[in-house]
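Visitor: turn this into a structure:
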Amino acid sequence: MSNPHKISVPKLLRERLPAVLAGAAVPLLVWWSGCLSERLRPPGNKPPIVMVMEVTGYCNCGICCSWERGWFGLGSPVISSGKNKGKPKEVGVTASGTRARHGTIAADTAVLPFGTIVYVPGYGYGRVEDRGGKITGNRLDLWYSSHGDAQEWGRKRMKVRVWKP
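Guide: Numbers count the residues shown, from 1 in each chain. From the prediction side, this is the model:
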């Protein structure tokens, strides 16, 4: 007779595998969300440029980022206007290829190139990683995780500190 209290290794692995995978997934998700990524700080070796900018907020929604669902609202996201209308849109990914998160700033890259560090009073430090069709000249768009938070920021004309790369 076999011992009923003896657990085979494969059964033990089957019972413990979900917990092991969950334990490995949590740090990965925290890193992916940006919680463990680098903190944005200005370079210590050069003084900032002070600029007056019109500052608005945006989020990943279709209203803010001009996308819609293709195939009569059932398919994958596509760009809803402009020269790339109808082309696939990867929601939450910036023009520079990073994932949008708190600190992501959209700007006219002819004025502030990708990688520019900006301090916005009331928002904090951010990095230019995105651009938008209506973001031209001395305008900034600050990323928020919800449409309501982006709307709450509103439209402000203010002095910001800028450190170009």
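Visitor: ranges for the strands of the chain?
Guide: Taking DSSP state E as the criterion, the chain carries its strands at 49-58, 67-69, 77-79, 104-107, 117-120, 124-130, 139-143, 155-163.
Visitor: what's the least confident stretch among those?
Guide: Of all those, the minimum mean pLDDT falls on strand 67-69 (a mean of 53).
Visitor: residues in a beta bridge with the closest residue to R41 other than its chain neighbours, which ones?
Guide: In space, not counting the residues next to it along the chain, R41 is nearest to Y125; the distance is 6.7 Å by Cβ to Cβ, 6 or more residues apart in numbering. C-beta coordinates here come from the backbone N, C-alpha and C atoms, glycine included. Here Y125 shows beta-bridge partners Y119, assigned using DSSP bridges.
Visitor: show me the contacts for Y125.
Guide: Neighbouring residues of Y125 by Cβ atoms under 8 Å, 6 or more residues apart in numbering: 39-42, 103, 117-119.
Visitor: buried ones only from those, please, as a PyMOL command.
Guide: Buried subset of the contacts of Y125, written as a PyMOL selection, criterion 16 or more other Cβ atoms under 10 Å:
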select buried, resi 103+117+118+119
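Visitor: for the contacts of Y125, which one is nearest C59?
Guide: Compare each of these with C59 using Cβ to Cβ and the shortest gap goes to G103, at 13.8 Å.
Visitor: mind listing what the closest one touches?
Guide: The contact partners of G103, taken as Cβ under 8 Å, 6+ apart, are 34, 40, 124-127, 143.
Visitor: can we see that at 7 Å?
Guide: When the contact criterion is Cβ atoms under 7 Å, 6 or more residues apart in numbering, the partners of G103 are 40, 125-127.
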